[in-house]
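Enquirer: pasted the sequence and its predicted model underneath.
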Amino acid sequence: MATNSYSNLKSTGTSWNSAIRNFGVVTVMDAKVYDVYNGMTMGEYAALVKGNSGTLSQEVLGILHSIDSNFVTGDQGAYTLNISAKIDFSKLKVNEIIALYLLTNPIATLKYLKTANTTQDGPTKTITGGKHNATLVKYGKTSRLEMTDALGNAEALEALSGTTVEYFRTTYATTEAELLIGATDVIHSTAGFATHKTIIGDTFFIDSKTGQKVNAYIIFYDFLSDSLLNLTQDAEGDSTVFDMNGDLNETDVLVGDLYKTVNGQLVRGGDADGVVTGLFYSILPLLDYESDPQVIEDNIPDSE
């Protein structure tokens, strides 16, 4: 009988494994904002990769191959991008998904977060019956992400609040020096809404047993902002804060594999071809997924 393996994070070391069982979260750090890559073709994705000059390097193509061999064709040193291949989160694990994002530049980064709250509500449906009309089934969770930024950021406001930023310059400014070239930028409050985004946040846990700081990523797969922006201005007193709140949509992700025996060896891909579950977000150790998407190893059982 096949065995379920749920990514036991074997390669991350005992510090993470210990902390995740009894931990406290005491800080909020940077949050990077991206478009949602689920459903995007490799041709569309390639244009977003860092340092892309029209052709992806063999190193990057090799990384993409390690994530999904359908993304590229060929062999080591002679990879070719399959531009029509589509990114499908239901066929990828979280370490592979986060690698796809970290290989690209974010739309915006929230560097000055004050608070970030994730809440779940539910159920949206219940089934009752039998003696005393008891509740038999509860179903349908909803989830929200609420972030407060101490300082405004034009790109973040455009990505998450439905505003429009107009750049009166010939090129988009990517450095502080380029911000001084040409005319200025203008923020317009419009009736438009922001589109779906993925958010990757940095934080750290404190292991309750050792007091050790353990770094972590939090990835919110599909965030749809309320697109509200409230500016509260006071003649004297505290500065306004920027609230960026919205709903988290459920996304199908491969969270475990079913293993089968081939020539006496356990290999990935059982009869059900993986365990796919709808997720709002995932928390995983802060490792170098960008250069090694498979840095998290499955704890493949020794025998069935």
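Expert: Sure thing, it's come through.

Enquirer: Ala116: neighbour count?
Expert: Counted with other C-beta atoms under 10 Å, the neighbours of Ala116 add up to 22. Where C-beta positions appear, they are placed from N, C-alpha and C, glycine not excepted.

Enquirer: check contacts around the residue lying closest to Thr232 once chain neighbours are set aside.
Expert: The shortest distance from Thr232 to any non-neighbouring residue, by C-beta to C-beta, 6 or more residues apart in numbering, is to Thr240 (4.9 Å). Thr240 is in contact with Leu231, Thr232, Gln233, counting by C-beta atoms under 8 Å, 6 or more residues apart in numbering.

Enquirer: can you put those in CSV and add pLDDT and neighbour count?
Expert: Conversion of these to CSV gives the following (pLDDT from 0 to 100; neighbours: other C-beta atoms under 10 Å):
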residue, pLDDT, neighbour count
Leu231, 79, 9
Thr232, 76, 9
Gln233, 75, 7
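
Enquirer: which one of those residues is nearest to Leu136?
Expert: Minimum distance to Leu136 across the contacts of Thr240 is 46.6 Å, recorded for Thr232 (C-beta to C-beta).

Enquirer: for the helix or strand that contains Ile218, which positions count as buried?
Expert: Here Ile218 sits within strand 213-225, counting by DSSP states H and E. Across strand 213-225, burial judged by 16 or more other C-beta atoms under 10 Å covers Val214, Ala216, Tyr217, Ile218, Ile219, Phe220, Tyr221, Asp222, Phe223, Leu224, Ser225.

Enquirer: can you check stretch 114-125 too?
Expert: Ala116.

Enquirer: ok, now stretch 205-214?
Expert: Within stretch 205-214, the residues that count as buried by 16+ other C-beta under 10 Å are Phe205, Ile206, Asp207, Val214.

Enquirer: what's that stretch in contact with?
Expert: With C-beta under 8 Å, 6+ apart as the criterion, stretch 205-214 contacts 15-16, 18-20, 22-26, 204, 216, 285.

Enquirer: can you name the next helix or strand after the helix or strand of the chain with the lowest mean pLDDT?
Expert: When each helix and strand of the chain is scored by mean pLDDT, DSSP states H and E, strand 4-5 comes last, with a mean of 44. Using DSSP H and E, the helix or strand that directly follows strand 4-5 along the chain is helix 14-19.

Enquirer: what's the helix or strand immediately after that next one in the chain packed up against?
Expert: Once helix 14-19 ends, the next helix or strand along the chain (criterion: DSSP H and E) is strand 23-25. Strand 23-25 makes packing contacts with strand 197-207 when contacts are defined by 3 or more C-beta pairs under 8 Å, 6 or more residues apart in numbering; DSSP states H and E.

Enquirer: hmm, 10 Å instead?
Expert: Helices and strands touching strand 23-25, by 3 or more C-beta pairs under 10 Å, 6 or more residues apart in numbering; DSSP states H and E, are strand 197-207, strand 213-225.

Enquirer: describe which strands it pairs with in its sheet and in which direction.
Expert: strand 197-207 (antiparallel) (DSSP bridges).

Enquirer: tell me the mean pLDDT for the partner strand?
Expert: The predicted model assigns strand 197-207 a mean pLDDT of 88.

Enquirer: swap in stretch 162-175?
Expert: Averaged over stretch 162-175, pLDDT sits at 74.

Enquirer: now the terminal residues of it, how far apart.
Expert: Taking C-alpha to C-alpha, to the nearest Å, stretch 162-175 runs 24 Å from one end to the other.

Enquirer: one more: stretch 176-191?
Expert: Terminal residues of stretch 176-191 are spaced 30 Å apart (C-alpha to C-alpha).

Enquirer: confirm Gly43 sits in a helix?
Expert: Yes: counting by DSSP: H, G, I helix; E, B strand; the rest coil, Gly43 is located in a helix.

Enquirer: wait, isn't it in contact with Ile87?
Expert: No: in this structure, Gly43 is not within contact of Ile87 by C-beta atoms under 10 Å, at 11.1 Å.

Enquirer: neighbour count: those two, which is higher?
Expert: Ranked by neighbour count (other C-beta under 10 Å), Gly43 and Ile87 place Ile87 first, with 22 against 13.

Enquirer: quick one, what contacts that one?
Expert: Applying C-beta atoms under 10 Å, 6 or more residues apart in numbering, we find Ile87 in contact with 36-42, 44-45, 67-68, 70-71, 96-97, 100.
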